[in-house]
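A.B. asks: Just to be clear, the model below is a prediction. Sequence and coordinates:
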Amino acid sequence: MPAPGKPTAEAPHLHINNVNAYHGRLKQWLNRFNGVATKNLPNYLGWRRALEAWGDQATPQSWIKGAIGNGPYQSL
């Protein structure tokens, strides 16, 4: 059993610093919406995951592929 906050072999991206950094970026991005309803949170998280996965490479084609389940973020 790894120490708290340490990554495991199964999920190396879940190191506490990575989680804290993602949380900070997510909160900063959500500020522009003046809060979100809890029922819509999965939609906002999906948008944010797609934006982070594509970065500046987001194109209409990549959004369509993501909508049908072929986006790069589906493997996370």
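C.D. replies: Ah, there it is. Numbers count the residues shown, from 1 in each chain.
A.B. asks: How many residues are close by G66?
C.D. replies: G66 sits with 20 neighbouring residues when counted by other CB atoms under 10 Å. Where C-beta positions appear, they are placed from N, C-alpha and C, glycine not excepted.
A.B. asks: Thought A50 was touching it, still the case?
C.D. replies: Yes: look at G66 against A50 with CB atoms under 8 Å: they come within range, at 5.4 Å.
A.B. asks: Nearest residue to V36 in space, please, no chain neighbours.
C.D. replies: Nearest residue to V36 in three dimensions, chain neighbours excluded: Y44, at 5.3 Å (CB to CB, 6 or more residues apart in numbering).
A.B. asks: So for the chain, which residue is the most central one in space?
C.D. replies: Nearest to the geometric centre of the chain sits R49, at 3.1 Å (CA atoms, centre = their mean).
A.B. asks: The helix or strand harbouring that residue: which residues count as buried?
C.D. replies: Assigned by DSSP states H and E, R49 belongs to helix 41-54. Across helix 41-54, burial judged by 16 or more other CB atoms under 10 Å covers R48, R49, A50, A53, W54.
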